[in-house]
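>>> Model the following, please.
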Amino acid sequence: MNKHHESTGPAGEQQITLRGPADLADALPYLMGFYPNDSVVMVALHGGQGRFGGRLRIGIPQAPGEWGQVADELAQCLVSGSERREGRPDAMVIFLCQDSPDGASGRQTMERLRPFAQRLRTACGALDVPVLEALCLSDGRYWSYCCPDPRCCPEQGNPLAMPGTTVMAAAATYAGIHVRGTLRDMEARLQPWRTPAAVRAQERALDTAGPALLPRLLDERARREVATETLRLARRLMDRIEDAQPAPPALSDAGDDQLIGSDEAAAVILGLQDRETRDRAAAWMEGPEAQSALRLWRTLARRCVGPYGEHAAAPLTLAGWVSWSTGDEPGARVALSLALRADPHYTFAQLLHRACNEGLDPEALRRCLREAADPDAEQPGADPGPPRVGTEQPGADTKAVQGAGADRGATPLHVRTVRPLPERERRRARAPRPPGAERRKASPGSTRPRLPAAGPRAREARRYGRRGSRARRHD
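Alright, predicted model coming up:
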């Protein structure tokens, strides 16, 4: 067994010494705030006693052909991030967490992931950062990839400790650290509905609201009205949620779903696709309204069904932002990861995810949003200014996150606005052709008349409806 010591807290606080794979496996959910499923977790260690530093988690790639590239990127990302925060790490610990499909062949899962563990160890070694321990957690047991001694690390693995029965569990409870269940449970609270009848009803509501909303978003005056209507409706829904009786998470989610109608959810989901409307909604990030806002964003994320899956990036990012602002970093990382899964190019989610992982203080963004929501600066529902459709100017929230990470070498990212509708709804949203304007084929030898150059509004309308092209809008 590879014996080493890791401290779970900085000097001056209660410290716990972890000895060997068993203690490391037990500590993992308390380090992450949840039990990671189907995940690779890397943790940086600092100093002679191996103080825990930065940590990184992603889903295990399904294709073994991707393992080499992913291993190199993960090692480089964690080392460079640690250098910006706490200094270069002295060592690493690696966890591969994946249950077998049948729940009875954890050892086969461990052997299947062994090449990935070796690639991760090699990638860290190439950066002169040794891997002190690499563990596989599967089907309630753990295996060490680093220990060759069968007396302490047998082929059949060792059983994981029962939750809540170890010294680490007692210390975490004393420190107020809670494990929120599995990663799969946390993601389930944010993922789209699967019940066919509910999915069809919500999809019909989105199909109906989309064509009516699109022309208004491309009109300067009407766009301001949409922003005001969206925020007012969102506030009413938050008040409705806040008045509901408190309940456990699972029951609370079901109750919130019943409180909000399909048409109401569709109107807010589509309204939040406008960046400035979303930025103003992000101001509900602290105090009593933060929890009702978080419940609303979760509910709306669950309503982004069928072809509207990408539209979940906005409510998921808002859920991640409120979670981070209120101190729930594990919940923030899960929500932001799902937002980037819905739309990998969603700039606000990219910036928040980076800032959260790099340990930045959310107060810089909170201060910026407070100033933007100041009554002397702008009242809710006030004129938000000229339309930003097609522009790349960052909003107040994006500027704050970029500014907070500027000294850490963060790369500036562009911001765009307004998400395209699914294909069938774009066709319904097109304006009818004026009488007498039917398209006619040009006769052979004839000259096609030259049309005047399209203005910015016309170009934008075309780009808005080009789903999947390089001109697509991203937030």
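
>>> If you count contacts, what does the biggest helix by length in the chain end up packed against?
Criterion DSSP state H: the longest helix present in the chain is helix 220-243. Other helices and strands packing on helix 220-243, by 3 or more CB pairs under 8 Å, 6 or more residues apart in numbering; DSSP states H and E, are helix 196-217, helix 249-259, helix 262-271, helix 275-281, helix 288-302. C-beta here means a position set from N, CA and C on the backbone, and glycine is covered the same way.

>>> avg pLDDT for it?
Average pLDDT, helix 220-243: 93.

>>> now the angle from it to helix 249-259?
Here helix 220-243 points in a direction 130 degrees away from that of helix 249-259 (axes from the mean of the first three to the mean of the last three CA atoms, to 10 degrees).

>>> Renumber starting at 16 from here on
All right, first residue 16 from here; so that's helix 235-258.

>>> if you skip the residues just before and after it, what's nearest to the most centrally placed residue in the chain?
With distances taken as CA atoms, centre = their mean, residue 351 lies nearest the centre of the chain, 1.4 Å away. Once flanking residues are discounted, residue 351 sits nearest to residue 335: 3.8 Å by CB to CB, 6 or more residues apart in numbering.

>>> mind listing the strands for the stretch 16-165 of the chain?
54-61, 66-74, 106-112, 146-153, 156-159 (DSSP state E, counting those that start in this stretch).

>>> Looking at those strands, spot the one closest to residue 96.
Closest to residue 96 of the strands of the stretch 16-165 of the chain is strand 66-74 (CB to CB; 5.5 Å).

>>> For the closest one, enumerate the helices and strands it packs against.
So strand 66-74, by 3+ CB pairs under 8 Å, 6+ apart, packs with helix 35-47, strand 54-61, helix 82-100.

>>> go again using 10 Å as the cut-off
The elements that strand 66-74 packs onto, with contact taken as 3 or more CB pairs under 10 Å, 6 or more residues apart in numbering; DSSP states H and E, are helix 35-47, strand 54-61, helix 82-100, strand 106-112, helix 344-357, helix 362-372.

>>> quick one: strands adjacent to that strand?
Next to strand 66-74 in the sheet, as set by DSSP bridges, lie strand 54-61 (antiparallel).

>>> between the partner strand and strand 106-112, how big is the angle?
Angle of strand 54-61 versus strand 106-112, following the same axes, to 10 degrees, is 160 degrees.

>>> how distant is strand 54-61 from the center of its chain?
With CA atoms, centre = their mean, to the nearest Å as the basis, strand 54-61 stands 19 Å off its chain's centre.

>>> next one: stretch 36-56
Distance, centroid of stretch 36-56 to centroid of chain: 20 Å (CA atoms, centre = their mean).

>>> still on that earlier bit, who's in contact with the residue nearest to the centre of the chain?
By CB atoms under 10 Å, 6 or more residues apart in numbering, the contact set of residue 351 is 328, 331-332, 334-336, 338-339, 361, 363-372.

>>> Pull out the buried residues from those.
328, 331-332, 334-336, 338-339, 361, 363-372 (16 or more other CB atoms under 10 Å).

>>> so how far does stretch 70-85 reach from one end to the other?
Across its full length, stretch 70-85 reaches 16 Å end to end, with CA to CA, to the nearest Å as the criterion.

>>> pLDDT averaged over that stretch - what is it?
Here stretch 70-85 scores 92 as its mean pLDDT.

>>> sorry, back to before: now distance to residue 139 and mean neighbour count too, for the strands of the stretch 16-165 of the chain, in a markdown table please.
Shown next, in a markdown table, are these (distance: least, CB to CB, whole Å; neighbours: other CB atoms under 10 Å):
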| stretch | distance to residue 139 | mean neighbour count |
| --- | --- | --- |
| strand 54-61 | 8 | 23 |
| strand 66-74 | 12 | 19 |
| strand 106-112 | 5 | 25 |
| strand 146-153 | 5 | 25 |
| strand 156-159 | 16 | 23 |
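
>>> out of these, nearest to residue 284?
Among the strands of the stretch 16-165 of the chain, strand 66-74 sits nearest to residue 284 (CB to CB), with 25.7 Å.

>>> Report the inter-axis angle for that closest one versus helix 35-47.
Interaxial angle, strand 66-74 versus helix 35-47 (the same axes, to 10 degrees): 70 degrees.

>>> Off-centre distance for strand 66-74?
Centroid displacement of strand 66-74 relative to its chain, using CA atoms, centre = their mean, is 16 Å.

>>> Over to stretch 48-67?
What separates the centre of stretch 48-67 from the centre of its chain is 20 Å, taken as CA atoms, centre = their mean.

>>> CA atoms only: put that stretch into CSV for me.
What follows is stretch 48-67, C-alpha atoms only, in CSV (Å, rounded to 0.1, in the frame of the first residue of the first chain):
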residue,chain,number,x,y,z
GLY,A,48,-19.8,17.6,-2.3
PHE,A,49,-21.4,14.6,-4.0
TYR,A,50,-20.7,11.0,-5.1
PRO,A,51,-19.3,11.3,-8.7
ASN,A,52,-20.7,8.8,-11.2
ASP,A,53,-19.0,8.0,-14.5
SER,A,54,-16.3,10.5,-13.7
VAL,A,55,-12.6,11.0,-13.6
VAL,A,56,-11.5,13.2,-10.7
MET,A,57,-8.0,14.6,-10.3
VAL,A,58,-6.9,16.3,-7.1
ALA,A,59,-3.7,18.4,-6.7
LEU,A,60,-1.5,17.9,-3.6
HIS,A,61,0.8,20.6,-2.2
GLY,A,62,3.5,20.6,0.4
GLY,A,63,5.3,17.8,2.2
GLN,A,64,2.1,16.7,4.0
GLY,A,65,0.1,16.6,0.8
ARG,A,66,-2.5,19.4,1.4
PHE,A,67,-5.4,19.1,-1.0
